[in-house]
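Visitor: Predicted model and sequence below, questions to follow.
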2 protein chains.
Amino acid sequence: MNEYIPRQKLWLELDGHLVMSDYRMRLLALIAESGSLAQAATALGLSYRRAWGKVKELEANLAMPLVQSEVGGAGGGHTALTPEAAALIEAYGRFSVRMDEALEAAFEAEFAALRRPAPVTGP
Amino acid sequence: MNEYIPRQKLWLELDGHLVMSDYRMRLLALIAESGSLAQAATALGLSYRRAWGKVKELEANLAMPLVQSEVGGAGGGHTALTPEAAALIEAYGRFSVRMDEALEAAFEAEFAALRRPAPVTGP
């Protein structure tokens, strides 16, 4: 390759505590899609206990509920996001897309002139 | 406060290796300002050996020299950035400023509607 690649890591804080990141957004989005914390945990390679701990930690840091569970019923329990959690991850997702676009634009603007020449190859 | 704060961490990679970050830009800028790796290290709370190691690691990852030393003379040795290093940290500094601006703009655009109400205070 021999090309610079720009990277960024994004997150949100509230009162000095981490309250959202790409990884946590993905966990919550998977819960919303599957209706199951267990399935979301498996998809991320986390234990159920660890995924549950991450959700509870976020809820504590945000001081608001993120998931609501309905126990029992025909198909067993179902876990859904609260409206506040859905609004938060939608906003964070759009924020993340904007920042990906900004990263490409800022990199192009400032590093186009510094692009490294391709290595010389034989005939 | 009770307000979300957006955060970002930026870096550049080349062939999968870290080649620039805010911290490394600051180390190189301090070398340029002071003309001394020892003074730059002290300003960052690093040992000389550790600062030297960071510069050498970056040079290896970038496959280009970043500092040039002039030994001896009236005031002792002097360390300067190579023109390539100066160009790189200038571009990275402008890139970083653009991304700080983008972070504020993206956050305002997506989170203004989710701003948490200020806590109710007494009369």
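Guide: Structure received.
Visitor: For the closest residue in space to A:A91 that isn't next to it in sequence, grab the count of nearby residues.
Guide: Spatially, and ignoring its direct neighbours in sequence, A:A91 is nearest to B:E110 (4.6 Å; CB to CB, 6 or more residues apart in numbering or on different chains). For every residue, glycine as well, the C-beta is placed using N, CA and C. Look at B:E110: counted by other CB atoms under 10 Å in any protein chain shown, it has 20 neighbours.
Visitor: B:E110 contacts A:V97, correct?
Guide: No: using CB atoms under 8 Å, B:E110 makes no contact with A:V97, being 9.3 Å away.
Visitor: Now list whatever residues contact both of the two.
Guide: Residues within reach of B:E110 and of A:V97 at once, by CB atoms under 8 Å, 6 or more residues apart in numbering or on different chains: there are none.
Visitor: what's the spacing between the closest residue to chain B within chain A and A:A109?
Guide: Nearest residue of chain A to chain B (CB to the nearest CB) works out as A:A102 at 3.5 Å. In this view, A:A102 and A:A109 are 10 Å apart by CB to CB, to the nearest Å.
Visitor: Name the residues contacting each of the two.
Guide: Common contacts of A:A102 and A:A109 (CB under 8 Å, 6+ apart): B:R98.
Visitor: more crowded one of those two?
Guide: Set side by side, A:A102 and A:A109 show more neighbours around A:A102, with 19 against 13, by other CB under 10 Å.
Visitor: The more buried one is in what secondary structure piece?
Guide: Using DSSP states H and E, A:A102 sits in helix A:83-111.
Visitor: between that helix and helix B:83-111, how big is the angle?
Guide: 150 degrees (axes from the mean of the first three to the mean of the last three CA atoms, to 10 degrees).
Visitor: buried stuff in helix A:83-111?
Guide: Neighbour-count burial for helix A:83-111 flags A:85, A:88-89, A:91-92, A:95-96, A:98-99, A:102-103, A:106-107, A:110-111 (criterion: 16 or more other CB atoms under 10 Å in any protein chain shown).
Visitor: ok, now stretch A:36-56?
Guide: Buried-residue list, stretch A:36-56, by 16+ other CB under 10 Å: A:36-41, A:43, A:46, A:51, A:54-55.
Visitor: Report all helices and strands that the helix holding A:A102 contacts.
Guide: strand A:4-14, strand A:17-21, helix A:22-34, helix B:83-111 (3 or more CB pairs under 8 Å, 6 or more residues apart in numbering or on different chains; DSSP states H and E).
Visitor: Out of the ones you listed, the one nearest B:H17 is which?
Guide: Closest to B:H17 of the helices and strands packed on helix A:83-111, according to CB to CB: strand A:4-14, at 10.2 Å.
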